[in-house]
Structure formats: structure tokens, C-alpha cells
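1. The following block contains a protein sequence and its predicted model.
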Amino acid sequence: MSTYSQKSSTIKVWDPLIRIFHWSLVLSFALAFITEDDWLSLHVQAGYAVSLLIGFRLIWGLIGTRQARFFTFIKSPAVVMSYFRQMLSLKVPHYLGHNPVAAVMVVALLVSIALVSFTGMVTIASEGQGPLASTIFASWSGDWMEEVHEFFANFTLLLIIAHVSGVVLSSLLEGENLVKAMITGRKKNSPHWQDVENQRDN
């Protein structure tokens, strides 16, 4: 009886690979960020992990489960602005996966973290290290690229702060613990989903 009740009151949203990716990226980026100056070897290894995770997410965003695919949650600018205005009024429609504003943040984070990873590999390539050491990128100025790398790392941190703030606000507006949803992969079942056709994945 309890199993039936649980299944009927919640709906599957995030597949296991997306959840593993999400929390692995959190840990890998945090490790890379805090080891930047004092533990360079660990910093580089964490950076490689971040690069691999971003590569996986880009692929899974094309061929993965429905809620993981970019075409499912990326909306037009008009829809994004409409949702943003609704957020300011503290009354928002519910989306099964990412809401339109969260989708923009997902894309921004992926791009920014990808640039952090790329500039980091170019930086060490100028010293003859890493997978780009034997490419044209090795001739780029290491000092200049290191500055760009640090800029995008700090910019990504600002995006993460905005992302966490957005998660807290959306959780309050939607009455949904979004952190828990990214752990369990499930959200509360609701008759008010904007993309109700996605419920077939349940």
C-alpha cells in the first residue's frame, strides 16, 4: 500500500545518470576551485574530471532521457521573459523539468564551466603538459590564458550562487524541494504541470 501511494504521489523526472553527473560536477568543480593555488596537481586532476563530466552532459543532452535533452527544456526568449515576470509576481506555472529561467542558467553554467576547463588546459599546454600540449594552443600565452581561466572560474562561481538562489526561490514558489528532487529523481505529482506530456516517462 505504501509503495503504491509513493508512486502515485510522485513522478520520475531525473534519471540516475543526470543525478550522478550533477553531484559529481558539484564536487569536482568545488575541489578544483579550492585547490587552485596550493595543490596544483589535484587542481588539474579535478579539472580533467570537470571536462569529462561536461562532455558527458553535452552528449546526454542530445541522446539522453527526455528531461535530460536540451530540446525539452530550452525555451524561446519570449517564454523565458514571461516566466521571469511571473517569478517577480511570486506566482509561477510548474514545469516537470527545468523551468525556462533555470534552463538559461543550465546553459550558462555549461558554457562557462566548459570555458574554465578549456582555458585551464590551454594554460598548462603552454608548459608542455596536458592533452593540448602538442597542439597549436601550446603556443598561446600562458600568463594571459591563466588570467582568462581565473576570470571564468570566478564568473562560474557567481553563476553558481545565482543558481542556488534560484533553486531556493523556485522551491518556495513551487512548493517543491528541488534539491531533494535532484537526489531522488522524483517530484510531487501535480495536475498543474506545463509540460504534462512528459508524464508518460513516469
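-> Looks like it came in fine.
2. Residue 175 and residue 19: what is the separation?
-> Look at residue 175 and residue 19: by CB to CB, to the nearest Å, they are 21 Å apart. The way it works is simple: take the backbone N, C-alpha and C, and place the C-beta from them, glycine included.
3. Neighbour count: those two, which is higher?
-> A direct count of neighbours by other CB atoms under 10 Å for residue 175 and residue 19 places residue 19 higher, at 16 against 9.
4. how much space between the more buried one and residue 37?
-> Taken as CB to CB, the span from residue 19 to residue 37 is 31 Å.
5. swap in residue 28?
-> Following CB to CB, the distance that separates residue 28 from residue 37 is 18 Å.
6. And for residue 57?
-> From residue 57 to residue 37 the distance is 28 Å (CB to CB).
7. the more surrounded of those two?
-> Neighbour totals were compared for residue 57 and residue 37, and residue 57 leads with 23 against 7 (other CB under 10 Å).
8. Please, which helix or strand holds that one?
-> Per DSSP states H and E, residue 57 falls inside helix 40-63.
9. What's the mean pLDDT across that helix?
-> Rounded to a whole number, the mean pLDDT of helix 40-63 is 95.
10. by contact count, what packs against the longest helix anywhere in the chain?
-> Determined from DSSP state H, the single longest helix within the chain is helix 142-174. Packed against helix 142-174 by the contact rule (3 or more CB pairs under 8 Å, 6 or more residues apart in numbering; DSSP states H and E) you find helix 16-34, helix 100-125, helix 178-184.
11. Of all those helices, which one comes closest to residue 155?
-> Nearest to residue 155, of all these, is helix 100-125, at 5.8 Å by CB to CB.
12. Just checking the distance from that closest one to the centre of its chain.
-> Distance of helix 100-125 from its chain centroid, counting by CA atoms, centre = their mean, to the nearest Å, is 10 Å.
13. I'd like the average pLDDT over that helix.
-> Regarding helix 100-125, the rounded mean pLDDT is 94.
14. Stretch 184-198 now?
-> 67.
15. rewinding a little: name the residues of the longest helix of the chain that are buried.
-> For helix 142-174, burial by neighbour count (16 or more other CB atoms under 10 Å) applies to 142, 145-146, 148-149, 152-153, 156, 159-160, 163, 166-167, 170, 173-174.
16. List just the nearest of the residues you listed to residue 122.
-> Using CB to CB, residue 145 comes nearest to residue 122 of those, at 4.8 Å.
17. From what I see, residue 80 and residue 102 are in contact.
-> No - contact between residue 80 and residue 102 fails when scored by CB atoms under 8 Å: they sit 9.9 Å apart.
18. Would you quantify the distance from the residue nearest in space to the middle of the chain to residue 127?
-> Nearest residue to the geometric centre of the chain (CA atoms, centre = their mean): residue 106, 4.7 Å. Look at residue 106 and residue 127: by CB to CB, they are 33 Å apart.
19. can you check residue 94 too?
-> Distance from residue 94 to residue 127, by CB to CB: 50 Å.
20. which one of the two has more residues nearby?
-> Between residue 94 and residue 127, counting by other CB under 10 Å, residue 94 is the more crowded of the two (18 against 10).
21. Many thanks, I have nothing further to ask.
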